[in-house]
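Peer 1: here is the input, now give the coordinates:
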Amino acid sequence: MTRAPSFCGVILAAGVSARMGKDKALLSWPPHSRDTLLSAAIKAFSPFNDMVIVVAGKNAADITPVVNANGGFLTINPEPDRGQFSSLQCGLQEVLNHGRDAAMITLVDRPPVKAATLERLRQEFDLAFSAGMWAVVPEYQGRHGHPILVGREMIEVFLKAPATANARDIQHLNRARIQYVPVDDTNVTINLNTPEDYARLASQSTQGSL
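Peer 2: From the prediction side, this is the model:
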């Protein structure tokens with residue numbers, strides 16, 4: 001009988017947030033609350049993972065208090081200028097270092113998805129894993145999003161890739177091993193790049209449309 005995988009959450013939070021003008025990890029979420037996008041992401045992931053790893057970059061000193069206060073584990077990308085894929089590799093190496101063999105991965109610059117969505121993705125991953133698949137990716141109205149759930153095989157593919165690679169291309173090359181799961185959750189495809197993006201999403205959240 002196949003052993004169920006042991007999951008770590010991985011939140012990529014090492015970006016410089018140049019277009020936003022401030023660290024996106026520290027934007028309040030829900031709007032005007034004491035929580036942030038980072039703390040909300042950690043809280044959302046915690047019930048579905050053995051532990052939650054946050055990958056920081058030059059912002060490590062600023063986000064460490066948030067990580068510690070919410071029971072997360074910080075790891076630092078020593079070369080965040082190499083880009084997001086380098087942060088992914090840092091986070092996945094920490095997953096293996098902590099003795100886990102699967103990961104639930106998201107980006108900090110998006111509001112957390114619904115608990116029901118995470119529950120479904122975990123269930124779908126268990127079924128897909130038993131059928132020999134390596135990953136589960138949510139999609140909303142035909143668009144792929146986050147979080148993505150990956151098993152040991154996919155983790156190793158990411159870690160063995162050159163630093164110049166990117167996650168999207170690697171997923172495309174291994175799409176036969178990926179289960180795409182339609183979900184009724186717009187947050188899987190939303191990301192926040194600019195103050196206008198954040199203001200628009202905050203307004204929608206206040207109106208109860210998210």
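Peer 1: which phi and psi does M20 have?
Peer 2: Dihedral angles of M20 (phi, psi; degrees, to the nearest 10) stand at phi -80, psi -30.
Peer 1: and it, what's its pLDDT?
Peer 2: Here, the pLDDT recorded for M20 equals 83.
Peer 1: could you give the average pLDDT over the lengthiest helix in the chain?
Peer 2: If you go by DSSP state H, the chain has its longest helix at helix 115-130. Across helix 115-130, pLDDT averages out at 96.
Peer 1: which strands or helices does it pack on?
Peer 2: The criterion is 3 or more CB pairs under 8 Å, 6 or more residues apart in numbering; DSSP states H and E, and the helices and strands that helix 115-130 contacts are helix 37-45, strand 102-107, strand 135-140, strand 148-151, strand 178-182. In short, each C-beta sits where N, CA and C put it, glycine included.
Peer 1: quick one: which of the ones you listed is nearest I76?
Peer 2: When the helices and strands packed on helix 115-130 are compared by CB to CB, helix 37-45 sits nearest I76, at 14.7 Å.
Peer 1: contacting residues around the closest one?
Peer 2: Contacting residues not belonging to helix 37-45 are listed as 9, 11, 13, 24-27, 29-30, 35, 52, 54, 63, 66-67, 69-72, 104, 106, 108-113, 115, 118, 147, 192 [CB atoms under 8 Å, 6 or more residues apart in numbering].
Peer 1: so where's the protein shaky on pLDDT?
Peer 2: 1-3, 205-210 (pLDDT under 70).
Peer 1: ranges for the strands of this protein?
Peer 2: 7-12, 51-56, 73-76, 102-107, 135-140, 143-144, 148-151, 178-182 (DSSP state E).
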